[in-house]
Structure formats: C-alpha cells, structure tokens
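K.L.:
Generate coordinates for the sequence data below:
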Amino acid sequence: MSDLRDLAERIERLVLRHEELKRTNALLAQEVSTLTSERDNLRSRLGAARARVDALLDRLPAEHRDAGGPT
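P.N.:
Below you'll find the model as predicted:
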C-alpha cells in the first residue's frame with residue numbers, strides 16, 4: 001500500500017509540474033510574440049530611415065556623393 005501512495009504522490013507532483021510548465025510556456029510564447037512584433041516594427045522603421053537617407057544622398061550634388069566630397 002505504501003508503494004501505491006508513493007506512486008500517487010509522484011503522479012500528483014508530475015501533474016503540478018506539468019501545469020507549471022504549461023503556464024511558463026504560455027508566458028514565454030506571449031513574450032516571443034511581443035518581441036517578434038517589436039522586431040518587425042523596428043525593421044520597418046529602419047527601412048524607412050534608410051530610404052530617407054538614400055533620398056537625401058540622391059539630392060546631394062554629384063561631386064559630394066563621390067568619395068565623400070571634394071578633396
């Protein structure tokens with residue numbers, strides 16, 4: 001009978017641990033989703049900034065664009 005109680009206790013601990021891991025996994029999945037969205041937003045902003053810099057560089061006279069300007 002002691003073996004049966006020990007087994008039941010171990011199963012109960014495993015069930016509790018499983019529930020804890022499920023909650024932890026859900027929190028981590030939510031964090032991954034948040035960070036993925038943030039990364040995508042930053043990539044978009046970086047692309048827009050690059051486009052603005054490229055547009056500004058295109059507006060410079062050719063002599064300033066080549067090799068960093070006149071020497």
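K.L.:
where exactly do the helices run in this protein?
P.N.:
Along the chain, the stretches classed as helices by DSSP state H are 2-59, 62-65.
K.L.:
Format those as JSON lines; extra columns: mean pLDDT.
P.N.:
Listed next are the helices of the chain as JSON lines, based on pLDDT from 0 to 100:
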{"stretch": "helix 2-59", "mean pLDDT": "97"}
{"stretch": "helix 62-65", "mean pLDDT": "72"}
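K.L.:
and the ones you listed as CSV, adding mean neighbour count?
P.N.:
Every residue, glycine included, has its C-beta placed from N, CA and C. Below are the helices of the chain laid out as CSV (neighbours: other Cβ atoms under 10 Å):
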stretch, mean neighbour count
helix 2-59, 10
helix 62-65, 10
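K.L.:
From Leu46, how far off is the residue nearest in space to the middle of the chain?
P.N.:
Nearest residue to the geometric centre of the chain (Cα atoms, centre = their mean): Leu35, 3.3 Å. Applying Cβ to Cβ, to the nearest Å, the value for Leu35 to Leu46 is 16 Å.
K.L.:
Restricting to C-alpha, output stretch 5-17 in CSV.
P.N.:
Extracted in CSV, the C-alpha atoms of stretch 5-17 (Å, rounded to 0.1, in the frame of the first residue of the first chain):
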residue,chain,number,x,y,z
ARG,A,5,0.8,6.1,-2.1
ASP,A,6,4.3,6.9,-3.2
LEU,A,7,3.3,6.4,-6.8
ALA,A,8,0.2,8.6,-6.3
GLU,A,9,2.3,11.4,-4.7
ARG,A,10,4.8,11.2,-7.6
ILE,A,11,2.0,11.4,-10.1
GLU,A,12,0.5,14.4,-8.3
ARG,A,13,3.9,16.2,-8.3
LEU,A,14,4.3,15.4,-12.0
VAL,A,15,0.8,16.9,-12.7
LEU,A,16,1.6,20.0,-10.8
ARG,A,17,5.0,20.4,-12.5
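K.L.:
Quick one: distance of it to the chain centre.
P.N.:
Between the centre of stretch 5-17 and the centre of its chain there are 36 Å (Cα atoms, centre = their mean, to the nearest Å).
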